[in-house]
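[1] I'll drop the sequence and a predicted model, then ask my questions.
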Amino acid sequence: MDLNVSSTYRIAIVSLTLSVMVAAGGCEKESGLGGPGAPVNNSGSMTTDNSTENSANTFVLTVPASQIEITQGETKTISIGLERGSEFTQAVDVSLSTTASGLSITPTQINIASGQTNVEVVLTAAADANVGVAKIAATGKPQTGKSVMTNLDVEIQRKE
């Protein structure tokens, strides 16, 4: 086999592998950075200037990346996480809300204590819950610094 062809195939395989790894991305959906040193602008994206004193003193709120599926009358437990910068030690209050009819979240107010990285919450779809995709908003508010928000999609399926 010609060395150039072999190199071309290797490059193609590496590119495909990297594409799959990037597309897979992980199992969690993340908010922007929050906390006292969050290098963010008003749109929630990273800034390019040096407007932060210490980005290690930040956090990211995480929820499951894939859409959660729940059937009418079913209960599921999910994890809400906190990725902490190396210097971020604050407790974070997390509020969860939805406007979906028949979908409840327990508890809706959570405190992720200093040193803690996740908590579990329970989703319950009532027997008569509206079928379709619902959104759950998760907001993380540290003791000081910037709050963050992310969303979680929940598909409520008809019970057969």
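    Thanks, I have it.
[2] which strands and helices sit next to the helix or strand where residue 155 lies?
    Following DSSP states H and E, one finds residue 155 within strand 148-157. With contacts taken as 3 or more Cβ pairs under 8 Å, 6 or more residues apart in numbering; DSSP states H and E, strand 148-157 sits against strand 28-34, strand 59-64, strand 68-71, strand 132-142. Bear in mind the C-beta positions are built from the backbone N, C-alpha and C, glycine included.
[3] what angle do that strand and strand 59-64 make?
    Using axes from the mean of the first three to the mean of the last three Cα atoms, to 10 degrees, the inter-axis angle of strand 148-157 relative to strand 59-64 is 10 degrees.
[4] For this structure, just list every one of the helices.
    3-24 (DSSP state H).
[5] remind me which residues of it are low pLDDT?
    1-54 (pLDDT under 70).
[6] if you set the cut-off to 80 instead, what comes out?
    The chain contains residues with pLDDT under 80 at 1-55.
[7] Can you give me every residue that contacts residue 116?
    Neighbouring residues of residue 116 by Cβ atoms under 8 Å, 6 or more residues apart in numbering: residue 82.
[8] Could you check how far it is from residue 157?
    32 Å (Cβ to Cβ, to the nearest Å).
[9] And residue 84, by the same measure?
    35 Å.
[10] Pull the number of nearby residues for residue 132.
    12 (other Cβ atoms under 10 Å).
[11] looking at the sheet around residue 125, what are its partners?
    Bridge pairing for residue 125 (DSSP bridges) gives the partners residue 103.
[12] quick revisit: note down every partner strand of the strand holding residue 155 and its orientation.
    Sheet partners by DSSP bridges: for strand 148-157, these are strand 68-71 (parallel), strand 132-142 (antiparallel).
[13] Tell me the buried residues in the last one?
    Along strand 132-142, the positions that meet the burial threshold by neighbour count (16 or more other Cβ atoms under 10 Å) are 134, 136, 138-142.
[14] One more: the first one?
    Neighbour counts over strand 68-71 (16+ other Cβ under 10 Å) mark 68, 70-71 as buried.
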